[in-house]
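In: Would you be able to build a 3D model of this:
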Amino acid sequence: MAAAAGERQREVVAGLLLITPWDRLADVASHHYRWLPVRWLLRDRYDTAARLARFDRPVVVVVAARDDIVPPRFGARLHAAMGGPKQLVTIDAAGHNDWPGRVDAAWWRSVTDAALGLAH
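Out: Down below sits the predicted model:
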């Protein structure tokens, strides 16, 4: 998981590019399984927002506008929770699994440059 690597090895990580991420796995699980006590059942928290709260390198959070697996609000909340240099990018008309077909080489250059702090 990129957030864990960013948290644990901050000194060697130039920046992060997070595509269709969540803020907290429990929130995504609760969205899909409203009738289950998922917060009690989850062993691994995968709290990306907590892991990146003090991350001070560039982060690009990419959400897919029509993502029904990790709805974009979870990525937007992650973006809002971070304090360092950050950018939120939305891929319009894209779902969780079809977003790669909706971006091109220029898009990749743009988001990777931003994640490395090279964006102008």
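
In: make it CA atoms for all contacts and neighbour counts henceforth
Out: Will do.

In: Okay, the residue most central in space within the chain and Glu11: tell me how far apart.
Out: Among the residues of the chain, Pro21 comes closest to the average C-alpha position under C-alpha atoms, centre = their mean, at 3.0 Å. Plainly put, Pro21 is 22 Å away from Glu11 if you go by C-alpha to C-alpha, to the nearest Å.

In: one step back: counting neighbours, what do you get for the spatially closest residue to the residue nearest to the centre of the chain that is not a sequence neighbour?
Out: In this structure, Pro21 finds its nearest non-sequential neighbour in Gly75, 5.3 Å apart by C-alpha to C-alpha, 6 or more residues apart in numbering. The number of residues packed near Gly75 is 27, by other C-alpha atoms under 10 Å.

In: so Gly75 touches Val62, yeah?
Out: Yes. Between Gly75 and Val62 there is a contact under C-alpha atoms under 8 Å: 7.3 Å.
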